[in-house]
Structure formats: C-alpha cells, structure tokens
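Undergrad: Below are the sequence and a predicted model; questions follow.
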Amino acid sequence: METVYDFTLPKGYIDANGDIHRNGRMRLATAGDEISATRDPRVLSNPSYLTIVILSRVVTELEGVQAITPTTIEKLFTADLAFLQDMYQRINDIEPPAITAVCPDCGKTFEVPLNFTIGE
C-alpha cells in the first residue's frame, strides 16, 4: 500500500529569499493527526485553521524547505492550498486515487491512476 505521494504545486511556495519550491511529498493522515489538530489552540479560536494545521502535519517535504510548519502552509498561494486540500481528500479516501477516462477514439471508459506531479 502506498502511504506517501509526490506532488508538484501549481504555483509554488516562495521563501524569504524569493526562491520557488514546487515539488514535495504528502503522507496519508492518521487519526492522531486529525485529533491533535482539533486540540491546537489556533484551531480552537478559529476552526477554519484546521486545514492549515493538518496539512502542516501531512506534507512531509517541500524541496529545499527545512521544516513544514503551519506558517509555511499559510504562505502558500490559494491555488496551491486548494491543490493540497484536494490531494489530501483524494489520497485519504478509501479507494486509491484514480480518475475515469474515456478513449477519444473508441469511447471506452477506464480507470487511470491519479498523478499529482505536473508535467509527468
């Protein structure tokens, strides 16, 4: 079973030096991730912050970024945040991530594994 997934952010995280970081990895969430995030003081005072805390736990790598913190996730462009939220939902679903595709020539439908890396 795959538990860690590679991704490429659509826009990329821009660090304090102006460098752009797009490639990263996200692991499957555990029950502990979700439970401890709900106890975070920032979430208790602002429930919409839950997404930020959970993503900071499950995004394990972002090329060239030493540590992924809630502040890192806060600084993402909204397109990148939406991308990670969608990825989180898809990989933590019961079924492995896949999409239904239709052959343009014969019209046959089939399942294709979902790849979160842009350009591959």
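TA: Okay, I see it.

Undergrad: Can you name the residues in contact with the biggest helix by length in the chain?
TA: For the chain, the helix that runs over the most residues, judged by DSSP state H, is helix 78-91. When contacts are defined by Cβ atoms under 8 Å, 6 or more residues apart in numbering, helix 78-91 is touched by residues 5, 7, 9-13, 26, 28-29, 51, 54-55, 58-59, 73, 76, 97, 114, 116. Heads up, the C-betas are built off the backbone N, CA and C, glycines and all.

Undergrad: what angle separates the next helix-or-strand element following that helix from helix 78-91?
TA: Sequence-wise, the next helix or strand downstream of helix 78-91 (DSSP states H and E) is strand 98-102. If you take axes from the mean of the first three to the mean of the last three Cα atoms, to 10 degrees, strand 98-102 sits at 100 degrees to helix 78-91.

Undergrad: Return the list of strands paired to strand 98-102, each annotated with direction.
TA: strand 109-113 (antiparallel) (DSSP bridges).

Undergrad: buried stuff in the partner strand?
TA: Judged by neighbour count (16 or more other Cβ atoms under 10 Å), strand 109-113 contains no buried residues.

Undergrad: roughly how far is it from the heart of the chain?
TA: Using Cα atoms, centre = their mean, to the nearest Å, the mean C-alpha position of strand 109-113 is found 22 Å from that of the whole chain.

Undergrad: With stretch 84-101 instead?
TA: 10 Å.

Undergrad: on that earlier part again, output the longest helix of the chain in PDB with nothing but the alpha carbons.
TA: Output of helix 78-91 as PDB, limited to C-alpha atoms (Å, rounded to 0.1, in the frame of the first residue of the first chain):
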ATOM      1  CA  THR A  78      -4.600  29.900  -2.700                       C
ATOM      2  CA  ALA A  79      -4.200  27.800  -5.800                       C
ATOM      3  CA  ASP A  80      -1.600  25.700  -4.000                       C
ATOM      4  CA  LEU A  81      -3.600  25.400  -0.800                       C
ATOM      5  CA  ALA A  82      -6.700  24.200  -2.900                       C
ATOM      6  CA  PHE A  83      -4.400  21.700  -4.700                       C
ATOM      7  CA  LEU A  84      -3.100  20.300  -1.400                       C
ATOM      8  CA  GLN A  85      -6.600  20.200   0.100                       C
ATOM      9  CA  ASP A  86      -7.900  18.200  -2.900                       C
ATOM     10  CA  MET A  87      -4.900  15.900  -2.800                       C
ATOM     11  CA  TYR A  88      -5.500  15.300   0.900                       C
ATOM     12  CA  GLN A  89      -9.100  14.400   0.300                       C
ATOM     13  CA  ARG A  90      -8.200  12.100  -2.600                       C
ATOM     14  CA  ILE A  91      -5.300  10.100  -1.000                       C
END
